[in-house]
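Asks: Sequence and predicted structure are below.
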Amino acid sequence: MSVSDPISIWLIVGIVLMLSEIIIPGGIVILLGTSCLLVAAALALGIVEGISQSLTLWFISSMVLLLSFRHVTQRLVGGDSRVDNTDEELDLYNQHAIVKETIGPGQQTGRISCLGSDWTALGDGSEIKSGTKVRIICRDNIALVVEPLLE
């Protein structure tokens, strides 16, 4: 068998794909490599001939293996799954913040510092001085509505 022999090429590609599963985990690449080995076996047995039949067999066997065994390889390989809060606003409510720029009186906006960021803030109509600790109660358009903490 020479390296330019189609059977050798399919074998080498299949082995390389299967070994690359170590670097690219996920269970997909190993199934593609297995399909390459199936094509090499079919070429050796004379079931398929030529590049078009080889590629067709590889495509079909890849799809069958992926659809059939993907759940098995996912269970063996695992993976990252994490569920986070998709509404970031909920993380802000009831948080304590410090007034950076005086808020009010009336509808005059100011600035607060919360969770490492500065935010535009509105108060309850009274003046809230810089340095006062506040609690975030809701959001009004792009500003956070705050109330002074009673200490």
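Replies: Structure's in. What do you need?

Asks: From Ser130, how far out is Glu101?
Replies: Glu101 sits at a distance of 6 Å from Ser130 (criterion: CB to CB, to the nearest Å). From N, CA and C alone the C-beta is placed, and that goes for glycine too.

Asks: So for the two, which residues contact both of them?
Replies: Gly110 (CB atoms under 8 Å, 6 or more residues apart in numbering).

Asks: okay, now Ile15: neighbour count?
Replies: 14 (other CB atoms under 10 Å).

Asks: Quickly run through the sheet partners of the lengthiest strand in the chain, with directions.
Replies: Across the chain, the longest stretch assigned as strand under DSSP state E is strand 133-140. With DSSP bridges as the test, strand 133-140 is paired with strand 96-101 (antiparallel), strand 143-148 (antiparallel).

Asks: State the mean pLDDT of the first one.
Replies: It stands for strand 96-101. In this model, strand 96-101 has a mean pLDDT of 90.

Asks: For it, list every residue counted as buried.
Replies: Neighbour counts over strand 96-101 (16 or more other CB atoms under 10 Å) mark Ala97, Val99, Lys100 as buried.

Asks: can you pull the contacts of the last one?
Replies: Under the criterion of CB under 8 Å, 6+ apart, the contact partners of Lys100 comprise Gly110, Arg111, Ile112, Ser113, Asp118, Ser130.

Asks: Please produce JSON lines containing the buried residues of strand 96-101, extended by distance to Thr34.
Replies: Compiled in JSON lines, the buried residues of strand 96-101 are given as follows (distance: CB to CB, whole Å):
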{"residue": "Ala97", "distance to Thr34": "56"}
{"residue": "Val99", "distance to Thr34": "63"}
{"residue": "Lys100", "distance to Thr34": "60"}
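
Asks: can you pull out the helices in this structure?
Replies: Here the chain has its helices, by DSSP state H, at 6-20, 29-45, 50-77, 88-92.
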